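Engineer: Sequence and predicted structure below; questions after.
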Amino acid sequence: MAEAAREAWITGVGIVSCLGEGPQMHWQRLNEPPPPPDAESWTPYIVRPLVPLDLDKQIPKKSDQRQMEHWQRMGTYAAGLALESAGAKGKADLLARMDMIVAAGGGERDSAVDLGILGGLGGAEQPGAYLNERLMSDLRPTLFLAQLSNLLAGNVSIVHGVTGSSRTFMGEEAAGVDAVRISLARILAGQSEIAIVGGAYNAERIDVVLHYALGGCLWKGEPKPIWDRAAGGGGMELGSMAAFLVIEEKAHASARGAEPFARLSAVVAEHARRKPGAVTETLQQLWAGISPKLQPAGVAVISGASGAEPATGEERRFLGQRADLPVRATGSHLGHGLEPQFPLNIALAAIALREGRLFASFDATGLERAMDAPLRQVAVTGIGHWRGEGLALVEAVG
């Protein structure tokens, strides 16, 4: 008798953002107008700050909280929510077999030290010697340890007891795409039965605002939805967020009585050259990879568009060629969170599929149309603000 084909179910969702924490709060707030962002602290740029978290609920030891940077606390908190959602939290035997794949940046800089060094560098008689001396004396040895990208995975392991294999990917939006892609591939290949995958991003930092401002990537002025920014040159409104998914093989989930949010059926990725039309062409190639699985009705697109141009405009042209598909750009509510943006949007797709309908649109450009039909499939796009494209297919179970 032939062995049944393996399936990957999303059995746990843990998300925190400017909208709140958990699936129900995000579903509710996505059906309301976007909340006002912080347009004052980083003028002329806009940041969507994380809601306050009661860290004790997911990170009970104060000593653990203190040794983490904020992005690590956010991610460890969201991972705890995902484990709770999957019915896996505290189950040592299950956690010992659970694999982990994390998308992470390089950690948080000590901005006070950076600004002090930059302030004195211009007046130093020997700038090179001054820089070396200040770096040796001002930077704490623990700073470098705290900046390691794989410490989010380490903290999830320490706090929650996830002790299977561990992988950490770096590379902004593409890291989030590959984290989910590799997790799915391992489960379908029989190399993994259950995994927790996701990431975290703290946008409320002067160093990251400066970094993307110098690159010309940020939106200036009044807050605007994603698709409204092209006339002003485009740009990102950064958002603090963390998202983790528990992805599990169907038979494994069924054996322990875990109920799925949705099925993760495909994740495809590419790396387009940044030339006119390249993103649109790449999306067409990626779409061909999932189109044979698409049903005639009940399909929608959740877009991870950042607002940055030209990538967002080229994604819009691709979506405009499929005008029959309802589209929702979640960045209008959440801001853009780079590494965790793709896992978070897959989580939102899974929530919508469990609800059986797509959340509301607040787009005035006409791209995002209403959807009255029951929701059965969601294509999730993840287009890097500069490089890296991904596409996932998430489907209703049953």
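Structural biologist: Looks like it arrived, so ask away. Just so you know, these numbers come straight off a predicted model, no measurement behind them.

Engineer: got the residue ranges for the strands in the chain?
Structural biologist: Ranges of strands within the chain are 8-17, 20-21, 47-48, 99-103, 166-169, 194-201, 238-239, 241-249, 262-270, 299-303, 327-329, 377-383, 389-395, based on DSSP state E.

Engineer: Export those strands as TSV, with columns for distance to residue 212.
Structural biologist: Placement of C-beta: from N, CA and C, glycine included. Shown next, in TSV, are those (distance: least, CB to CB, whole Å):
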stretch	distance to residue 212
strand 8-17	18
strand 20-21	25
strand 47-48	11
strand 99-103	18
strand 166-169	20
strand 194-201	12
strand 238-239	7
strand 241-249	16
strand 262-270	22
strand 299-303	20
strand 327-329	19
strand 377-383	16
strand 389-395	19
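
Engineer: Kindly reformat these as TSV and extend each row with mean neighbour count, mean pLDDT and distance to residue 41.
Structural biologist: Formatted as TSV, those follow (neighbours: other CB atoms under 10 Å; pLDDT from 0 to 100; distance: least, CB to CB, whole Å):
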stretch	mean neighbour count	mean pLDDT	distance to residue 41
strand 8-17	28	98	17
strand 20-21	19	98	20
strand 47-48	26	98	7
strand 99-103	28	98	26
strand 166-169	19	96	30
strand 194-201	30	98	17
strand 238-239	29	98	12
strand 241-249	30	98	17
strand 262-270	21	97	34
strand 299-303	23	98	27
strand 327-329	27	98	24
strand 377-383	26	97	27
strand 389-395	25	98	31
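
Engineer: Looking at these, which is nearest to residue 54?
Structural biologist: Of all the strands of the chain, strand 20-21 sits nearest to residue 54, with 9.3 Å by CB to CB.

Engineer: Show me what that closest one is packed up against.
Structural biologist: The criterion is 3 or more CB pairs under 8 Å, 6 or more residues apart in numbering; DSSP states H and E, and the helices and strands that strand 20-21 contacts are helix 70-85.

Engineer: Which positions in the helix it packs on come out as buried?
Structural biologist: 71-85 (16 or more other CB atoms under 10 Å).

Engineer: Sketch out the low-pLDDT regions of this protein for me.
Structural biologist: By pLDDT under 70, the low-scoring segments of the chain are 1-3, 140-147.

Engineer: give me that answer again for 50
Structural biologist: Where the chain drops to pLDDT under 50, the residues are 1.

Engineer: most remote residue from it's center?
Structural biologist: residue 125 (45.1 Å; CA atoms, centre = their mean).

Engineer: Dihedrals phi and psi, it?
Structural biologist: phi -70, psi -40 (degrees, to the nearest 10).

Engineer: hang on, residue 55 packs against residue 73?
Structural biologist: Yes: using CB atoms under 8 Å, residue 55 is in contact with residue 73, at 6.0 Å.

Engineer: which residues do the two both contact?
Structural biologist: Common contacts of residue 55 and residue 73 (CB atoms under 8 Å, 6 or more residues apart in numbering): residue 65.

Engineer: Can you give me every residue that contacts the closest residue to residue 212 other than its chain neighbours?
Structural biologist: Leaving aside its sequence neighbours, residue 212 sits nearest to residue 218 (CB to CB, 6 or more residues apart in numbering; 5.2 Å). Listed by CB under 8 Å, 6+ apart, the contact set of residue 218 reads 45, 46, 209, 212, 235, 236, 237, 238.

Engineer: of these, closest to residue 225?
Structural biologist: For those, the closest approach to residue 225 (CB to CB) belongs to residue 237, at 9.7 Å.

Engineer: what about that closest one, how many neighbours?
Structural biologist: Neighbours of residue 237 under the rule other CB atoms under 10 Å: 27.

Engineer: Quick check: phi and psi on it?
Structural biologist: The phi/psi pair for residue 237 (degrees, to the nearest 10) reads phi -100, psi 110.

Engineer: wait, doesn't it sit right on residue 336?
Structural biologist: Yes: under the criterion of CB under 8 Å, residue 237 makes contact with residue 336 at 6.6 Å.

Engineer: For residue 226, which residues are in contact?
Structural biologist: Per CB under 8 Å, 6+ apart, neighbours of residue 226: 303, 305, 306, 307, 312, 329, 331, 332.

Engineer: Go ahead and confirm the first one touches residue 326.
Structural biologist: No: Residue 303 is not in contact with residue 326 according to CB under 8 Å; the separation is 10.8 Å.

Engineer: returning to that earlier point: got any residues that touch both of residue 237 and residue 336?
Structural biologist: With CB under 8 Å, 6+ apart as the test, residue 237 and residue 336 both reach residue 307.

Engineer: Just the ones of the contacts of residue 218 in helices?
Structural biologist: 209, 212 (DSSP state H).

Engineer: Nearest to residue 159, out of the contacts of residue 218: which one, please.
Structural biologist: residue 238 (26.3 Å).

Engineer: now the closest one, which residues is it bridged with?
Structural biologist: For residue 238, the beta-bridge partners are residue 47, residue 336 (DSSP bridges).

Engineer: so it makes contact with residue 211?
Structural biologist: No: contact between residue 238 and residue 211 fails when scored by CB under 8 Å: they sit 10.1 Å apart.
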